[in-house]
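>>> Take this sequence and fold it.
(one chain, ligands or ions: 3)
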Amino acid sequence: MSVKTLSVLGCTGSIGVNTLDVALSNPDRFRIVALAAGSNWRRVVEQARQCRPEVVALFDEEAADQARAALADLKIPVLSGVEGVSEAAALESARMTVSAIVGAAGLAPTIAAIRARKDIALANKECLVMAGALFMEEIARYQVRLIPVDSEHSAIFQVFQQTRWMRRLVLTASGGPFRGKRRGELVNVTPEQALAHPNWSMGRKISIDSATMMNKGLEVIEAHWLFGLPPEQIDVVVHPQSIVHSMVEYMDGSVLAQMGAPDMRTPIAVAMAWPERTQTNVPSLDLPQLAKLTFEARPDPADFPCLELAYDALRRGGLAPAVLNAANEVAVAAFLDAGLPFLTIPKVIDRTLDSLPLGAAAQLEDVFAADHQARKVAQRIVEEIC
Ligand SMILES: NC(=O)C1=CN([C@@H]2O[C@H](COP(=O)(O)OP(=O)(O)OC[C@H]3O[C@@H](n4cnc5c(N)ncnc54)[C@H](OP(=O)(O)O)[C@@H]3O)[C@@H](O)[C@H]2O)C=CC1
Ligand SMILES: CC(=O)[C@@H](O)[C@H](O)COP(=O)(O)O
Ligand SMILES: [Mn+2]
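Ligands and ions are numbered 1, 2, ... in the order given. As a prediction, this is how the structure comes out:
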């Protein structure tokens, strides 16, 4: 069995660290040849000393200088900027690129990896939200294998037969830290409360998305592009235990679900090893201990409007999902760092969508331009509110 070489984008984040854990516990199966992150040079340097990649990249120029000095003895080149991160994504010796940068910043390097014909293990759902049709065209043009890492999409991927046989997809949602709460109870919630996900340990942005239910909205759009079903055939059900990771109902009424502990090392390992399997240190499910798996209807949009905003953007098509995504990133950052009230996150998104002409996404440049413009508009709206 040959060793699979990996380029890991977003290596310092929650997915990145779990990817390294799976790779390092299977040294006969995987070797990391490139590491890329934003600015956390200290962690990248530690990881580089452990993994001995051929190249390291940091988006931030100053952080790259620090890493260069710290890695001089190992003679590992340190690239910088979006070009450097994209070069690491497309490194010739890498067979697979793990796309785990958070947010819109992940799109350009992931496209670079596709164009270099790397297999893609995709955690960065924002790529598909922003540029779904164009992204899937690139995948087809370069005949690249695309394997989802997002737990729900990994679940569907594992039970996937043919799209034409599917009656519907059922994405499970934990409900996040505010499950069951009504709008009035969410007025004064703090970033600390919103970051306290009940089941998963994740980065800050996706944790807030889970709290607003935007994460599930982004996942509906992601599922649409990955599995080819229209929004009417993509349902969301709340499953507070996060053990059933999602389901496919086929036309004959059979429902196939995938289960596992809420630990991202499983879907990461699935993507890394596919079509084979590899071992992880994820504990077995203790079913008698779990005893009960429960399901609830998705929340009222009056309490959690973000899920419906995402369905609407998917139905509108064109640049609407890219604008939704950009406005959401701005609003989440403002909630975390600038005192934007939690309940105004959907308002910022809605008002940004209303303020911009939402044309067709004919090429990737249109998507990047819409992302740029939407950020400016959303920032202005945030400043008006704060
Ligand atoms: N965490 C999870 O369990 C899941 C995550 N996902 C998706 O995976 C992606 C990553 O999430 P998560 O790991 O939680 O996020 P984190 O915030 O934990 O990590 C983000 C990573 O992206 C890097 N980064 C940020 N900006 C840039 C940039 N401009 N150029 C290069 N690297 C950059 C960060 O580097 P630095 O540390 O230097 O800032 C860090 O390595 C997201 O799209 C998320 O939606 C999907 C399913 C589950
Ligand atoms: C682990 C993972 O895939 C996350 O996207 C997770 O689904 C977040 O939980 P929510 O179901 O609360 O959004
Ligand atoms: Mn998910």
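
>>> ok but His245 is inside a helix, no?
No. His245 is assigned strand when assessed by DSSP: H, G, I helix; E, B strand; the rest coil, not a helix.

>>> Is it in contact with Asp150, as I believe?
No. With contact defined as Cβ atoms under 8 Å, His245 does not count as touching Asp150 (9.4 Å). Where you see a C-beta, it was placed from the backbone N, CA and C, and this is true even at glycine.

>>> shared neighbours of those two, which are they?
Pro267 (Cβ atoms under 8 Å, 6 or more residues apart in numbering).

>>> So which of the two has more stuff around it?
The residue with more neighbours, out of His245 and Asp150, is Asp150; 28 against 24, by other Cβ atoms under 10 Å.

>>> What is the neighbour count of the residue nearest to the more buried one when sequence neighbours are not counted?
In space, Asp150 comes closest to Lys125 once its chain neighbours are excluded; the distance is 5.6 Å by Cβ to Cβ, 6 or more residues apart in numbering. Counted with other Cβ under 10 Å, the neighbours of Lys125 add up to 28.

>>> again, but for the one 4 residues further on
Around Val129 sit 28 other residues, with neighbours defined as other Cβ under 10 Å.

>>> Check what pLDDT it gets.
Predicted confidence (pLDDT) for Val129: 98.

>>> Now do the buried residues in the helix or strand where it lies.
Under the criterion of DSSP states H and E, Val129 resides in helix 125-141. Residues 125-132, 134-135, 138-139 are the ones in helix 125-141 that count as buried (16 or more other Cβ atoms under 10 Å).

>>> swap in stretch 145-164?
Across stretch 145-164, burial judged by 16+ other Cβ under 10 Å covers 146-158.

>>> Keep those residues, but drop any that are not near ligand 2.
Contacts with ligand 2 within the buried residues of stretch 145-164, counted by Cβ under 6 Å from any ligand atom: 150-152.

>>> Let me have these in JSON lines, extended by pLDDT.
Listed next are these as JSON lines, based on pLDDT from 0 to 100:
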{"residue": "Asp150", "pLDDT": "99"}
{"residue": "Ser151", "pLDDT": "98"}
{"residue": "Glu152", "pLDDT": "98"}
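
>>> Where strands are concerned, which of the residues you listed count?
Per DSSP state E, strands hold no members of those.

>>> Tell me the one among those nearest to Leu324.
Asp150 (17.3 Å; Cβ to Cβ).
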